[in-house]
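In: Sharing a model that was predicted from the sequence below.
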Amino acid sequence: MIKTEINNVATGELDYNPTEREYIFRYFGNDLPRISLVMPPSQRIYLWKYHLHPFFEMYLPEGYLFEIFKNILIKDYGEINDYLLFSLLAPNIEGRVNFQSEQGKTLFQEVNLDDILNNDTEDTFSNLLHTFLKKNAISGIQPKTLATVRDKEALNTREYIVKTWGAEFPQLAENEYFCMQAVKRAGISTPTLHLSRNRRFLLVKRFDIDHEKGTCQGFEEVLGLIGRNREQKYTGSYEQVAKLIFQATTDKLFSMEQFFKLIIMNYLLKNGDAHLKNFGLLYDENISTIKISPAYDVVCTVPYVFRDKPALTMLGRKIWFGKKELLEFGEKQCLLSRSETQHAYETCCESVVDTIKLIREHIRNNPAFAVIGNRMIAAWTVSLQCTTHKEMPDDVIGTW
């Protein structure tokens, strides 16, 4: 059994029936705080067959990290399933909801922020991964690890996600860093970011934990809120995401403005990986205030996948829509006025123009980023034409 608790109050338990391949969650009572926006306390059980409930599955690693855990679990148990993987990680998950399992909690050694930023080598990443392995209840394909970090200027430790990259996606840390700078310049909330000295690591501070106040906010991905599992993260529409955010949030104008700008930026920056796991909601302890979360995992994907397209549909299609269609989306789906959508679009375009200047200056000082950086600039220049493209034009790709 894996038990859930909120503020040291036991709320329920998760179990697994291997014969029927059923995942079962039950609350201990009807007057307890809910663990998820879509799982209110009830006398009935929450049963999912073949897949872990989306709320719990949100914590499961993917890609690089999943392969590491798979080898560990197969060696120890001869098999792997979502329950085994979650039970291994659950006791070390820090958040609004905490968990207890037979594995027991692990004590982790904190590391110094400057040491990571100034020693961004493969050995450093390997050591971080080994040190914090059982803390890695994070999704995403690229190599990454959670780390408990102490900043010499901070009184408390903080949790950072340390991201790196391999040969398949060169300079991905710089790519994401500049994309996130553009997003921030557009007036969209973003986490605290640090690019390491040799640009091998991107450090992203967790935005759901306030270590100074000692409080945790609830966070859930849109994927789980619409009742889907990770295999379905590319199945859906941006209209569907807009509807959920509008219905769920308490500060609707703020959340819809932020979401619309983020949609514009994903199209302008040519982020073909803005799927259902890359949008989320953030809420306070008592779920009295619900809003869209800060933006995260925004990258320009076309330098690596030349013919890449948006991850989800808009107007029933996966193509790079231009200004006309995006403004229409803002009015019809985000319920913003024409002047609001026009201002948001202009602000986003200005942020892209400014970020192109930053990238050009960065390339002059860091020529290793020239190939990826110039591809990003070329893709964004196409975006600034404000017209619709099915995919990146041949004359642009031909120069790469």
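Out: Arrived safely, thanks for sending. Numbering: from 1, shown residues only.
In: Which residues in the helix or strand containing Ile263 does the neighbour count mark as buried?
Out: Following DSSP states H and E, one finds Ile263 within helix 252-268. For helix 252-268, burial by neighbour count (16 or more other C-beta atoms under 10 Å) applies to 252, 255-268. Every residue, glycine included, has its C-beta placed from N, CA and C.
In: so what does the helix or strand just after that helix touch, helix or strand wise?
Out: Once helix 252-268 ends, the next helix or strand along the chain (criterion: DSSP H and E) is strand 280-283. Applying 3 or more C-beta pairs under 8 Å, 6 or more residues apart in numbering; DSSP states H and E, we find strand 280-283 packed against strand 218-221, helix 222-225, strand 290-292.
In: Nearest to Val353 among these would be which one?
Out: Closest of these to Val353 is strand 290-292, at 25.1 Å (criterion: C-beta to C-beta).
In: report the longest strand in this structure, please.
Out: Determined from DSSP state E, the single longest strand within the chain is strand 9-17.
In: Pull out the buried positions in that one.
Out: By 16+ other C-beta under 10 Å, the buried positions in strand 9-17 come out as Thr11, Gly12, Glu13, Leu14, Tyr16.
In: With stretch 384-394 instead?
Out: Residues of stretch 384-394 classed as buried by neighbour count (16+ other C-beta under 10 Å): His389, Glu391, Met392.
In: Show residues contacting it.
Out: Contact partners of stretch 384-394, identified using C-beta atoms under 8 Å, 6 or more residues apart in numbering, comprise 268, 270, 302, 306-309, 319-325, 349, 352-353, 379, 382.
In: Measure how buried Arg21 is and give me the count.
Out: 14 (other C-beta atoms under 10 Å).
In: List the contacts of it.
Out: Contacts of Arg21 (C-beta under 8 Å, 6+ apart): Lys49, Tyr50.
In: Could you tell me the phi and psi values at it?
Out: phi 50, psi 50 (degrees, to the nearest 10).
In: Look up the residues forming beta bridges with the residue nearest to Thr192 when sequence neighbours are not counted.
Out: Counting by C-beta to C-beta, 6 or more residues apart in numbering, Thr192 lies nearest to Lys205, which is 4.0 Å off, once chain neighbours are set aside. Beta-bridge partners recorded for Lys205 (DSSP bridges): Tyr160.
In: Find me the pLDDT at Lys205, would you?
Out: On pLDDT, Lys205 comes in at 96.
In: Surely it and Val162 touch.
Out: No: in this structure Lys205 lies outside contact range of Val162 using C-beta atoms under 8 Å: 10.8 Å.
In: how far away is Gly227 from Tyr234?
Out: Between Gly227 and Tyr234 the computed distance is 16 Å (C-beta to C-beta, to the nearest Å).
In: now swap in Gln385 and tell me
Out: Look at Gln385 and Tyr234: by C-beta to C-beta, they are 27 Å apart.
In: Just the helices from the stretch 251-400 of the chain, written as ranges.
Out: For the stretch 251-400 of the chain, the helices defined by DSSP state H, counting those that start in this stretch occupy 252-268, 323-332, 338-365, 370-383, 394-397.
In: Correction: the previous question concerned the stretch 1-150 of the chain.
Out: 54-57, 63-77, 82-89, 113-118, 122-131.
In: Mind putting those into JSON lines with distance to Tyr27 and mean neighbour count?
Out: Converted to JSON lines, the helices of the stretch 1-150 of the chain look like this (distance: least, C-beta to C-beta, whole Å; neighbours: other C-beta atoms under 10 Å):
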{"stretch": "helix 54-57", "distance to Tyr27": "13", "mean neighbour count": "23"}
{"stretch": "helix 63-77", "distance to Tyr27": "28", "mean neighbour count": "14"}
{"stretch": "helix 82-89", "distance to Tyr27": "18", "mean neighbour count": "21"}
{"stretch": "helix 113-118", "distance to Tyr27": "40", "mean neighbour count": "16"}
{"stretch": "helix 122-131", "distance to Tyr27": "35", "mean neighbour count": "15"}
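In: sorry, back to before: pick out whichever of Lys205 and Val162 has more residues nearby.
Out: Val162 (27 against 17).
In: The more buried one reaches Arg206, doesn't it?
Out: No: using C-beta under 8 Å as the test, Val162 is too far from Arg206 to be in contact (11.7 Å).
In: neighbours around Asp151, how many?
Out: 15.
In: lowest-confidence helix or strand of the protein?
Out: One helix or strand of the chain scores below all others by mean pLDDT, DSSP states H and E: helix 63-77, with a mean of 84.
In: what's in contact with that helix?
Out: Here helix 63-77 has contacts from 60-61, 79-80, 84-85, 88, 129, 133, 136, 138, 140-145, using C-beta under 8 Å, 6+ apart.
In: Now with 10 Å, please.
Out: 60-61, 79-81, 84-85, 87-89, 129-130, 133-134, 136-146, 164, 166 (C-beta atoms under 10 Å, 6 or more residues apart in numbering).
In: Of those residues, which belong to strands?
Out: Lys144, Thr145, Leu146.
In: Give me the distance between the closest residue in space to Thr145 that isn't next to it in sequence and Asp120.
Out: Once flanking residues are discounted, Thr145 sits nearest to Leu129: 4.5 Å by C-beta to C-beta, 6+ apart. Relative to Asp120, Leu129 is positioned 13 Å away (C-beta to C-beta).
In: Likewise for Tyr46?
Out: 42 Å.
In: pLDDT on the helix holding Ile263, on average?
Out: The model assigns helix 252-268 a mean pLDDT of 98.
In: Now do that helix: which elements does it pack against?
Out: Applying 3 or more C-beta pairs under 10 Å, 6 or more residues apart in numbering; DSSP states H and E, one finds that helix 252-268 contacts helix 172-185, helix 238-248, strand 290-292, helix 323-332, helix 338-365, helix 370-383.
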